[in-house]
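# fold the following for me, if possible:
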Amino acid sequence: MKCLQLVKRRRVVLLAATVAGLGLGLGLGPLQLAHADGYPAKPVQLVVPFPPGGAVDIVGRTISKKLGDRLGQPIVVENKAGAGTVVGAAYVANAPADGYTLLISSGSTFTVNPALNAKLPYDPVKSYEPIGLVARVPLILLAHRDVPVNTLRQLIAAVQRTPDKFSYGSFGNGTTGHFAAELAWSATGIKLLHVPYRGSAPAMADLMGGQIPFTIDTVAAALPQLKAGKIKAIAVTGATRATQLPDVPTVAESGFPGFSADSWLAVVAPRGLPAEAKAKLHKALADTLADAEVRSKLLAAGLEPSYASGDAVLAQIEDELPRMRAIAQRAQIRAD
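This is a model prediction of the structure:
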């Protein structure tokens, strides 16, 4: 009987050693093996560093249900607004790198804030593991309907004739709109006085009222007034025309090849994400953005569904950040 027990015990020990050996051979410890097999084992938090109701919040809530379905766990959207996305971005940067805390944010977090503040509580490259691009937010140069300008070339000519006459509004100092406009003026060789507003609504009201001749805004914010004929579209700043405004040319098409300056939204996780969790998140996000219902909802909200890999997001950040820093210095853009 004792011999039989010894044989059984030896078999158990050998089996345990074999399993451990397999784990070590794959570079995985027991905890990592369990994590890889079980991810996600609980709901995943998706942090939105903006208040409810804005573009990023809409996108986060639009993708959360389908993303959760594909992961097999609910995605819980949580708004952590403040300090121009810094509060939410820092929260995620300092969260455990286990795949249960994600951030969805715009270029404001990854290229605009770092261009304005060298002492952020996060690093736009080192703090995050990009999961993928979700959407682009088309930006558009707009004019008051009575301004005798209908194209970007005409706008340039008007400013060159009277350099100190024209100003333009944006939805805030140091915002993606402000940066996109300054990049456009730099590319075209002109300068307009910047008038910052606290949001799109007051800027749009002053544009329609004739207090300012030009603004830059999102296509989503401009669409109702464009359809009503209260303002005019000059050019969109992205690489391609906006789906909702197919007749409005891009800045590049207006004589400045290669110009592109729009806003974009991406999902990231804290740096150090386990490979298995990263792979599952990548596939789930790609599948979510391929979903016809999700794409339709994003388009209806004035956004352009635009999936790209995590590597592509990282490349975009690394390409865009030095340009943002340069334009901030040239245009003397300062954080409020």
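# now do the strands in the stretch 51-200 of the chain.
75-79, 101-106, 128-137, 139-144, 167-170, 193-196 (DSSP state E, counting those that start in this stretch).
# as TSV, those with mean neighbour count and distance to residue 122 would be great.
Just so you know, the C-beta spots here come from the backbone N, C-alpha and C atoms, and that holds for glycine as well. Below are the strands of the stretch 51-200 of the chain laid out as TSV (neighbours: other Cβ atoms under 10 Å; distance: least, Cβ to Cβ, whole Å):
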stretch	mean neighbour count	distance to residue 122
strand 75-79	16	17
strand 101-106	24	10
strand 128-137	25	8
strand 139-144	26	25
strand 167-170	24	25
strand 193-196	15	25
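# for residue 255, find the nearest of those.
Nearest of the strands of the stretch 51-200 of the chain to residue 255, taken as Cβ to Cβ: strand 139-144 at 13.7 Å.
# can you list the low-confidence ranges for the stretch 1-150 of the chain?
Within the stretch 1-150 of the chain, the ranges that satisfy pLDDT under 70 run 1-37.
# how about the helices in it?
2-25, 30-38, 55-71, 86-93, 107, 113-116 (DSSP state H, counting those that start in this stretch).
# okay, buried residues for the third one please.
In terms of neighbour count (16 or more other Cβ atoms under 10 Å), helix 55-71 has its buried residues at 55-68, 70-71.
# closest to residue 164 out of these?
residue 55 (34.1 Å).
# related to what we said a few turns ago, and the strands of the stretch 51-200 of the chain as JSON lines, adding distance to residue 289?
Formatted as JSON lines, the strands of the stretch 51-200 of the chain follow (distance: least, Cβ to Cβ, whole Å):
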{"stretch": "strand 75-79", "distance to residue 289": "14"}
{"stretch": "strand 101-106", "distance to residue 289": "12"}
{"stretch": "strand 128-137", "distance to residue 289": "6"}
{"stretch": "strand 139-144", "distance to residue 289": "21"}
{"stretch": "strand 167-170", "distance to residue 289": "29"}
{"stretch": "strand 193-196", "distance to residue 289": "33"}
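# between the ones you listed, which gets nearest to residue 263?
strand 128-137 (3.9 Å).
# other SSEs contacting the closest one?
Counting contacts by 3 or more Cβ pairs under 8 Å, 6 or more residues apart in numbering; DSSP states H and E, strand 128-137 packs against helix 55-71, strand 101-106, strand 263-270, helix 275-289, strand 304-309, helix 310-330.
# tabulate the ones you listed (a markdown table), appending distance to residue 115.
As requested, the helices and strands packed on strand 128-137 are arranged in a markdown table below (distance: least, Cβ to Cβ, whole Å):
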| stretch | distance to residue 115 |
| --- | --- |
| helix 55-71 | 19 |
| strand 101-106 | 14 |
| strand 263-270 | 14 |
| helix 275-289 | 27 |
| strand 304-309 | 22 |
| helix 310-330 | 4 |
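# low-confidence stretches in the stretch 151-300 of the chain?
Using pLDDT under 70, the stretch 151-300 of the chain has no residue that qualifies.
# run the last query once more with 90
Along the stretch 151-300 of the chain, segments meeting pLDDT under 90 span 163-164, 198, 220, 300.
# domains of the protein?
Following automatic domain parsing, the chain resolves into domains at 43-136+264-330, 139-236.
# so which of the strands of the stretch 51-200 of the chain comes closest to residue 314?
When the strands of the stretch 51-200 of the chain are compared for distance to residue 314 using Cβ to Cβ, the nearest one is strand 128-137, at 5.1 Å.
# distance between the closest one and the chain's centre?
Relative to its chain's centre, strand 128-137 lies at 6 Å (Cα atoms, centre = their mean, to the nearest Å).
# for it, C-alpha coordinates in CSV please.
C-alpha atoms of strand 128-137 as CSV (Å, rounded to 0.1, in the frame of the first residue of the first chain):
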residue,chain,number,x,y,z
TYR,A,128,1.2,53.8,-22.9
GLU,A,129,0.7,50.7,-25.1
PRO,A,130,-1.4,51.8,-28.1
ILE,A,131,-4.2,49.4,-29.0
GLY,A,132,-5.4,51.2,-32.1
LEU,A,133,-6.8,54.2,-33.8
VAL,A,134,-10.6,54.5,-33.6
ALA,A,135,-11.7,57.6,-35.5
ARG,A,136,-10.7,60.8,-37.0
VAL,A,137,-12.4,64.1,-36.2
